[in-house]
Every structure is written in structure tokens, then in C-alpha cells.
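[1] quick one: sequence and predicted model below, then my questions.
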Amino acid sequence: MLQYMYLFSDNLKRFTIQQQHYQPIAIKELLQARKSTHWAWYILPTPPFLRFGKRVGSPINQEYELANAAETRAYLRYEHDGVSLRDNYLEVLRVITKQLKAGYDAYDLVGYDRSRLVASVKHFAAVAQEAGDTTKDPFDKEVYDACMQVMDLL
């Protein structure tokens, strides 16, 4: 666990800095079923978007992508300035699940960022499911279950 934190900790601050401001906005907009501001990069991170083996996407998309499974595991363990990236991600997934169960469509909730939502939950579910060395990378059932709930409702 410490090896991931050491490798990625300075770089993961990019998320906590943004989430201090955008997490409450994202929750409010999701509860209103109307995303109207730009927060998905910071709140629903994804792996790199690739086309024919090359990274694609805007510079901001590339800045807030999670490079690989190791960085994603570090993300799920990272806390800084009172922000827990894992807790924030789970909070967003709980609200999305609640709204999808209430009958809202993913497009109602996140608009054109629906593909980002799908990519994010698929990626986090896959990383959370990886058993790895159980002393370093235990199965994260809570994250996996939250991601699968969203996927089942999409």
C-alpha cells in the first residue's frame, strides 16, 4: 500500500484540490438531476481514453485520467486536506444509484458525460475486484458493489 501512496501521492493532490470545491456542487446537481457545471473530470475519473493505441481527449481529460490500476488503487486510499477520494467517489455513486432507482436516466444526471460515468464505474469495478496480493491489494467489496449497482441500473 505504501508503495502506491509514495508513487502517486503528490500527483493525486490534483483531485483533492478540485474536489474540495466541486464535490458539493456535483452532489447538489446529481440530486437535482441536472448537471450544469463542469466537474466530471475530477469526480468521475477514468483510465486513459485510447484510440488505436494513442491517448485521446482534451488536455484536461488527460490531466485527470488515472494512468493505470496502481494509480487507481492509490486513488482509493488517498486522503489529503480532509478529502478522502474513496469516500467522495462512493458518495457520488450512492447518489447516482438513488437517482437511477428513482427513475432518472443517466443523461438526466450527467448529460453528455454518460460515457465518462460508464468508463469510470467499469474501471473502478475492475480494479476493486482484482485480488492481487491480499496484503497489499485486497478486494474492495464496497467499491465493487457500488460500481456494479450503477452498472446494473444503466
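    In hand now; what should we look at? Numbers count the residues shown, from 1 in each chain.
[2] residue contacts, the residue nearest to the spatial centre of the chain?
    Nearest to the mean C-alpha position of the chain, by Cα atoms, centre = their mean, lies residue 44 at 3.6 Å. By Cβ atoms under 8 Å, 6 or more residues apart in numbering, the residues touching residue 44 are 92, 110, 113, 116-117, 120. All C-beta atoms are positioned from the backbone trio N, CA, C, and that covers glycine.
[3] name the helix or strand for residue 119, please.
    Using DSSP states H and E, residue 119 sits within helix 114-129.
[4] tell me the mean pLDDT for the helix or strand where residue 21 lies?
    Using DSSP H and E, residue 21 sits in helix 2-31. Taken as a whole, helix 2-31 has an average pLDDT of 83.
[5] list the buried ones in the helix or strand following it?
    Per DSSP H and E, helix 2-31 leads on to helix 40-43 as the next helix or strand towards the C-terminus. For helix 40-43, burial by neighbour count (16 or more other Cβ atoms under 10 Å) applies to 40-43.
[6] distance of the residue located most distally from the centre of the chain from residue 43?
    What lies farthest from the middle of the chain is residue 52; by Cα atoms, centre = their mean that is 24.1 Å. Between residue 52 and residue 43 the computed distance is 28 Å (Cβ to Cβ, to the nearest Å).
[7] thanks a lot, see you next time.
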